[in-house]
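Colleague: no sequence for this one, just the structure:
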């Protein structure tokens, strides 16, 4: 391991005992993954505030006791409770208390209390080329693919250790030669699809890439011209749910893929699939565990956390209210503050929409009635919730979900 | 042999071979030590105290927290013998060592035939250090 002057200074305790302690973990981890050196880290996104047991808390309290402070801008992923609306939590009280302490202890270390899985939307958006230590699978894919910042799949413990030291191991996607596309997925005949369809196409492309491309970076061609950044977010989240995708290139959309040749670095790369409209419909149909017409108990939106532009698309659909079933939307607290300030929070509430911040409806106990099917426009929610919550799920576009909320059963636009 | 020690320590136990990769998050219960992934071939198997042979980990990085918690509770495998390096499993074992001074050595064999040979033995003793690595049937 080549140690820099900074590394030696941290080891010698010049940056405090917490940094020295955390660097030991970073160095052992770097050795295990075969990184020859550490890099200067530009920012971290920490996923340690979801409570998985006493070890989660013991790790963070160790650095609080050593008076540790993060050395780089550090955002926090979702926790187990909505700190702004704690009454929404209906799980075990002791678990809730431990979860709250875990979130608070991270804030004491200087982390920004963002509690969002989408820290790239309203808050601290990284810059192209930044070397990051990010956790949370959808955020990792977004940072690499949509922003062109560089991070590996970091996670519990290592993310915080990098934040406390400002160092990140030099391997994998931190290096240019590992960021090229290795496979191509062609979408065919859907270039002119409208914005509501584009969301579904992106989810299908993501699910496919996750299942079929493993951790090989795919270049995806032929996405609709109406594909938005929110759709690319959904694509990445779906790909990281069905597989271990850390980066994709959406040719013509993402910064390292202005064209196919740039995405592949000019290498001869195989086309692993050509997906037409029927293939896309088939992939999306496989996400639903119930048939159209099935009665719903809720609609769940905002996995990953809804952006302000997604709220822009949702607001006109509130004209459909009253809804027959509760509609939940997860978002970040910084987005929530904007919604409160501009009056949209009020309109959402009066339409019967529950906005959930700091957490997510698929990881914790929020949705009160899980006796029937839940409808979502999120590939990630549809993928995980049946296992996490034991619910049936129906997948649809945003318009489908709101029409279904009104009907109280699964209907399509 | 190109095997590497990822987390140092000494352990011995009965060999338990997993036929598929395992995600500790969602696939393993730290309070019982059992595999809870219904789609896993070893669903229901108890991993506590075993020398666990699996090719690689899978899934969410929260697996590191679940493994560290299992090591704290004493429900974890005694040692983990991987085919390939795995950052999530390595992290969980490193953190448990740092917090609780309990060793769950982790090694990557990096040779399919050798990994198969070891995982077919009834018991193994693992001695993993920065300088040396020994994986042998106990004497």
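Modeller: Here it is on my side, so go on. These numbers come from a predicted model, not from an experiment.

Colleague: where does the closest residue to chain A within chain B fall, helix, sheet strand or coil?
Modeller: Scanning chain B for proximity to chain A using Cβ to the nearest Cβ identifies residue B:61 as nearest, at 2.0 Å. For the C-beta atoms, the positions are set from N, CA and C on the backbone; glycine is no exception. Using DSSP: H, G, I helix; E, B strand; the rest coil, the three-state assignment for residue B:61 comes out as coil.

Colleague: Residue numbers of the stretch 1-150 of chain A in contact with chain B?
Modeller: A:21, A:24-25, A:28-29, A:32-34, A:47-48, A:50, A:52-56, A:58-59, A:62, A:135, A:137 (Cβ under 8 Å from any Cβ of the partner chain).

Colleague: Any idea how far the lengthiest strand in chain B is from the middle of the chain?
Modeller: Across chain B, the strand with the greatest residue count (assigned by DSSP state E) is strand B:9-17. With Cα atoms, centre = their mean, to the nearest Å as the basis, strand B:9-17 stands 8 Å off its chain's centre.

Colleague: For it, which helices and strands make contact with it?
Modeller: Contact here means 3 or more Cβ pairs under 8 Å, 6 or more residues apart in numbering or on different chains; DSSP states H and E; on that basis strand B:9-17 packs against strand B:51-54, strand B:79-82, helix B:112-119, strand B:123-128.

Colleague: Roughly how far does the nearest residue to residue A:15 once chain neighbours are set aside sit from residue B:118?
Modeller: Leaving aside its sequence neighbours, residue A:15 sits nearest to residue A:9 (Cβ to Cβ, 6 or more residues apart in numbering or on different chains; 6.5 Å). Counting by Cβ to Cβ, to the nearest Å, the gap between residue A:9 and residue B:118 amounts to 42 Å.

Colleague: Between those two, which is the more surrounded one?
Modeller: In this comparison of residue A:9 against residue B:118, neighbours counted by other Cβ atoms under 10 Å in any protein chain shown, the higher total goes to residue B:118 at 22 against 15.

Colleague: so who does the more buried one touch?
Modeller: For residue B:118, the set of contacting residues under the criterion of Cβ atoms under 8 Å, 6 or more residues apart in numbering or on different chains consists of B:15, B:53, B:81, B:109, B:124, B:135.

Colleague: ok, of those, which one's closest to residue A:367?
Modeller: Of all the contacts of residue B:118, the one sitting nearest residue A:367 is residue B:53; the distance, using Cβ to Cβ, is 39.7 Å.

Colleague: Find me the pLDDT at the residue of the stretch 101-250 of chain A found nearest chain B, would you?
Modeller: Using Cβ to the nearest Cβ, the point where the stretch 101-250 of chain A gets nearest to chain B is residue A:155, with a distance of 2.0 Å. Model confidence at residue A:155, expressed as pLDDT, equals 83.

Colleague: Helix, strand or coil: sort out it for me.
Modeller: Counting by three-state DSSP, the backbone at residue A:155 sits in coil.

Colleague: Residue B:61 is in contact with that one, correct?
Modeller: Yes - with contact taken as Cβ atoms under 8 Å, residue A:155 and residue B:61 are classed as touching, separated by 2.0 Å.

Colleague: Quick one: neighbours of residue A:365, just the number.
Modeller: Residues within reach of residue A:365, counting by other Cβ under 10 Å, total 18.

Colleague: Please point out which parts of the longest strand of chain B sit buried.
Modeller: Residues of strand B:9-17 classed as buried by neighbour count (16 or more other Cβ atoms under 10 Å in any protein chain shown): B:9, B:11-13, B:15-17.

Colleague: quick one: which two of those residues are the most distant?
Modeller: The two members of the buried residues of strand B:9-17 with the most space between them (Cβ to Cβ) are B:9 and B:17, at 20.2 Å.

Colleague: Tell me which stretches of the stretch 201-350 of chain A form strands.
Modeller: Counting by DSSP state E, counting those that start in this stretch, the stretch 201-350 of chain A has strands at residues A:218-221, A:248-250, A:271-275, A:296-306, A:327-331.

Colleague: who wins for proximity to residue A:228 among these?
Modeller: For the strands of the stretch 201-350 of chain A, distance to residue A:228 was read as Cβ to Cβ. The smallest value, 11.2 Å, belongs to strand A:248-250.

Colleague: What strands flank that closest one, and is each parallel or antiparallel?
Modeller: For strand A:248-250, sheet partners with direction are given as strand A:218-221 (parallel), following DSSP bridges.

Colleague: what residues does the partner strand touch?
Modeller: A:181-187, A:205, A:209, A:235, A:245, A:248-252, A:257, A:260, A:263-264, A:269, A:272.

Colleague: picking up where we left off before, need the contacts of residue B:118 in CSV with pLDDT, can you?
Modeller: Supplementary listing: those in CSV, determined by pLDDT from 0 to 100:
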residue, pLDDT
B:15, 98
B:53, 98
B:81, 98
B:109, 97
B:124, 98
B:135, 96
